[in-house]
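How does the following fold in three dimensions:
(one chain, ligands or ions: 1)
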Amino acid sequence: MFNKLLKRNTDLVLENVDRSVLISNEEVPAHIAIIMDGNGRWAKKRSLPRVAGHREGMKTVRKVTKLANELGVSVLTLYAFSTENWKRPKIEVDFLMRLPEEFLTTFLPELIEENVRVEMMGYHQNLPMHTLKAIKKAKEATKDNTGLVLNFALNYGSRAEIVDAVKDIATQVAAGTLDICDINEDLISGGLMTKGLPEPDLLIRTSGEVRLSNFMLWQLAYTEFWFTETLWPDFNEDSLLEAIENYQKRNRRYGGLKGDEVK
Ligand code: V07
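Below is the predicted model:
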């Protein structure tokens, strides 16, 4: 473990000399989840169409992914499209559904090079075939990668996810294959789309909105929250480091208390 941390630190010092001094690598959050808000507002401020903000936001995804991987973060979950986003104008939804392909066409070779593994959580239902195809290709091309897991939440909604997990459990009880006494937190966690992933240590939401918007409600039970006024297209490496530094300060305040004591 220590060697791995040391190696991460060496990479970091080489690539981010000025900033890395501030990051103490033993407390880097293993899982960071981000609600990438403020793309439309960014565009409006510049009298550009909303979609220009979405495209600019994609560049931030690239920057944040690269740094998170360099820092040794294990999982980066990005809320790209919620089940509620279908209510937006069709023209905007159609544009958004092209972004996974656009992103992957541009960046998949680099992600492969950097040992990043692409994942998606969300309902395949309603997603266009071209979107699913691009993601499937990226998942396959990166499936053996051992670096950062870049987990896109796409057509994702947390309450629906919980309802599905409950239905599955109820079905097993009704079939007599599961005893009610054996229903516990681990069983429910295992029925969610984040099965197998650690729970987020740090949640970031950009653009000044201070709510969860149906994102990972179960998984965020013990997560530290960081809300920033910065709009997602303006969020950058320094913004991520600022969030992590703040997270580390909070962790340090717990002074070695672990597990239930901090919960
Ligand atoms: C989207 C750009 C970032 C700001 C938030 C909204 C707009 C990257 C992806 C993506 C998704 C899956 C995947 C690869 C890339 C994406 C949507 C919107 C729908 F496998 N950015 N981005 N998908 N935005």
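
Centroid-nearest residue for the protein?
The residue lying closest to the centre of the chain (Cα atoms, centre = their mean) is Thr77, at 1.2 Å.

Could you give the bridge partners of that one?
For Thr77, the beta-bridge partners are Ala33, Asn151 (DSSP bridges).

for the one 5 residues further on, same thing?
The residues paired with Ser82 through beta bridges, assigned by DSSP bridges, are Tyr156.

how close does the residue nearest to the centre of the chain get to the ligand?
Plainly put, Thr77 is 11 Å away from the ligand if you go by Cβ to the nearest ligand atom, to the nearest Å. In this view, the C-beta of every residue, glycine as well, is placed from N, C-alpha and C.

residues in the stretch 101-250 of the chain within reach of the ligand, list them.
Phe103, Leu104, Val118, Met120, Ile135, Ala138, Phe152, Leu154, Trp232 (Cβ under 6 Å from any ligand atom).

which residue packs closest to the third one, ignoring adjacent ones?
When you say that, I think you mean Val118. Ala138 (4.2 Å; Cβ to Cβ, 6 or more residues apart in numbering).

isn't that neighbour right up against Phe107?
No: judged on Cβ atoms under 8 Å, Ala138 makes no contact with Phe107 at a distance of 9.3 Å.

Look at the two and report which has more neighbours.
Counted by other Cβ atoms under 10 Å, Ala138 and Phe107 do not tie: Ala138 has more neighbours, with 26 against 21.

mind listing what the more buried one touches?
Residues in contact with Ala138 (Cβ atoms under 8 Å, 6 or more residues apart in numbering) are Leu104, Leu108, Leu111, Val118.

how about a cut-off of 10 Å?
100-101, 103-105, 107-108, 111-112, 116-120, 150, 152 (Cβ atoms under 10 Å, 6 or more residues apart in numbering).

what do you get for Leu78?
32-36, 57, 60-61, 64-65, 150-154, 204, 232.

Which helix or strand in this protein has the lowest average pLDDT?
In the chain, no helix or strand scores lower on mean pLDDT, DSSP states H and E than helix 2-15, which sits at a mean of 39.

tell me which element Glu209 falls in.
Glu209 belongs to no helix or strand when assigned by DSSP states H and E.

Quick one: residues contacting whichever residue of the stretch 51-200 of the chain sits closest to the ligand.
Going by Cβ to the nearest ligand atom, the ligand is nearest to Gly57 of the stretch 51-200 of the chain, at 2.9 Å. By Cβ under 10 Å, 6+ apart, the contact set of Gly57 is 36-40, 42-43, 78, 80, 99, 206, 231-235.

Could you tell me which of these belong to strands?
Among the contacts of Gly57, the members found in strands (DSSP state E) are Leu78, Ala80.

Write the ChimeraX selection for whichever of the contacts of Gly57 are buried.
Buried residues among the contacts of Gly57 (16 or more other Cβ atoms under 10 Å), as a ChimeraX selection:
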select :36,37,38,39,40,42,43,78,80,99,206,231,232,233,234,235
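
if we can go back for a sec, could you tell me whether the residue of the stretch 51-200 of the chain closest to the ligand really is in a helix?
Yes: checked against DSSP: H, G, I helix; E, B strand; the rest coil, Gly57 lies within a helix.

Name the nearest residue to it, sequence neighbours excluded.
Closest residue to Gly57 apart from its sequence neighbours, by Cβ to Cβ, 6+ apart: Asn39 at 4.3 Å.
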